[in-house]
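K.L.:
Next one to model:
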Amino acid sequence: MRYELDMAGDGFDRFFTPIVSGFDLLTELGERGLLSLDNESHLNDILGSVLTSQMPYVDQVVIACSDGRIQCYPKPDQEDDIEDTDGLTNLEQLVWYRGAMDPGLAGQVHWTEPYTLSTLGVPGITGSRRYQVEGSEQAECVVALKISLDELATAVQKIGIDRRSKILMISDAGVRDFNELIDANGISAPLDSQLIELATSSQAENEPLRRRMKTGIWWVAARPSSDTKTHMRIAMVVPDRFLREQASTTFYVLKGGYVLVLGTMIIAAALIAWQSGRTLRSLAEKQRHSGDSAEQIKALIRSGENEALEFKSTLRWNLKADRADKSIEIASLKTIVAFMNTEGGTLLVGVTDEGDVSGVEADNFANEDKFLLHFNSLIKQHIGLEFADLISFGLKRINGSSVLVVDCGRSADPVFLRQGSEEEFYIRVGPGSRKLPTSKVLDYVRTR
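P.N.:
Numbers count the residues shown, from 1 in each chain. Sure, this is the predicted structure:
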């Protein structure tokens, strides 16, 4: 049960942590007066940069101020189609605006129930948080992030929980059924109110609870989100039958695994004796791909992103803003540092998230030599030459375009991403990179 809860909680954190970080960044910029609606071009540049580099699951950013002004990025097809208002008045009709202006949610994110996002024409949910320029009497503003239910569905599928189980998101705004957010037909049956009460109580955080209901025997467990800024708790409600099936499967897997391990140990002992004069170093090395052929790289791309493989469309070019963007470079460097602090991995630059080869030509360098020199300079500046022997890279021609293949070995020492006087520590968690706070870095390095 704890394993199921941890899987759900980690999946939730992977989805919402970048979004909450995006809220932090945007509201801080707003409080500093940098999100002025008076300069539309500058505002669009900022929103485009943040949306591209910080919030991969967000479809649209909206800023609405109490003086009636409103701005969307990207803009809807119809200029006057902004949540059924004329874009300048009736902000109180917007459920996400009203929620963020609730005095009881100061500094927190308000999440709506699922509804049709009029500017996008698809079902989704909206998170919103208010801010005001520090030391001024300007109008209060609300920043809203819109997320389609398709993105939520993808997140749930990646978690890989049983369809009979439920994930509940518990916040000051109430209880959300994570499963029903992506189930427009309402196929899944509603939970018994007693189970919801158990899930929202503090009891479930101390120890998984087992309860017999009319619908059968259920297990309930809860935990806070690992990112305290989300102000949310995650609860799992799982049928007892599913856990028994899992336990039975695990028993037979362990039994078969024991026999397999025993046989493997005997074979390994024989191989070691046979190869006693040969080095075993190659067995401990991470698989590297910078020397692979074009066909091998294509096969690697088809396998999709995972804990040891990530794709980036460009090295420095913001495709939405159509300009060079330092945050795009930092995103690739975060991945490299995370690989080195975990078990190593491969970064492919010039490949979209969907696995399409776009090529590094979009980065607009004069030639490939200048591209490679720039990448080498980024490694030197932000990671350090002392780790250069763990990083190998090269360009491969795939379908007429060049793809940068970067192999990252596992480092015995902690690797930090340097930005000016700041240093950040990243690790791989599933197919993404996660920043560890300074307080947790020492424990991670010690137990690694």
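K.L.:
residues contacting Ser148?
P.N.:
By C-beta atoms under 8 Å, 6 or more residues apart in numbering, the residues touching Ser148 are 59, 117, 120, 122-124. For every residue, glycine as well, the C-beta is placed using N, CA and C.
K.L.:
Where strands are concerned, which of those residues count?
P.N.:
Residues of the contacts of Ser148 located in strands (DSSP state E): 117, 122-124.
K.L.:
Turn these into JSON lines, columns for distance to Asp292, neighbour count and pLDDT.
P.N.:
Converted to JSON lines, the ones in strands among the contacts of Ser148 look like this (distance: C-beta to C-beta, whole Å; neighbours: other C-beta atoms under 10 Å; pLDDT from 0 to 100):
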{"residue": "Leu117", "distance to Asp292": "42", "neighbour count": "21", "pLDDT": "78"}
{"residue": "Val122", "distance to Asp292": "39", "neighbour count": "14", "pLDDT": "76"}
{"residue": "Pro123", "distance to Asp292": "42", "neighbour count": "16", "pLDDT": "80"}
{"residue": "Gly124", "distance to Asp292": "40", "neighbour count": "21", "pLDDT": "82"}
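K.L.:
So of these, which two are at opposite extremes in space?
P.N.:
Leu117 and Pro123 (7.3 Å; C-beta to C-beta).
K.L.:
does Glu386 sit in a helix, a strand or a coil?
P.N.:
Three-state assignment for Glu386 (DSSP: H, G, I helix; E, B strand; the rest coil): helix.
K.L.:
shaky segments in the stretch 201-350 of the chain?
P.N.:
Within the stretch 201-350 of the chain, the ranges that satisfy pLDDT under 70 run 202-206, 225-232, 246-259, 268-287.
K.L.:
Now do the same contact list for Ala308.
P.N.:
Ala308 neighbours (C-beta under 8 Å, 6+ apart): 286, 339, 343-346, 428.
K.L.:
wait, what's in contact with Val403?
P.N.:
Neighbour list for Val403: 297, 348-351, 357, 359-360, 395-397 [criterion: C-beta under 8 Å, 6+ apart].
K.L.:
Could I have the buried ones of the contacts of Ala308 as ChimeraX selection syntax?
P.N.:
Burial among these is assessed by 16 or more other C-beta atoms under 10 Å; the matching ChimeraX selection reads:
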select :286,339,344,345,346,428
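K.L.:
Distance to Ser421 for the contacts of Ser148 - can I get that in CSV?
P.N.:
Formatted as CSV, the contacts of Ser148 follow (distance: C-beta to C-beta, whole Å):
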residue, distance to Ser421
Asp59, 35
Leu117, 41
Leu120, 40
Val122, 43
Pro123, 45
Gly124, 40
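K.L.:
Grab the nearest non-local neighbour of Ile63.
P.N.:
Among residues not flanking Ile63 along the chain, Gln71 sits closest, at 4.9 Å (C-beta to C-beta, 6 or more residues apart in numbering).
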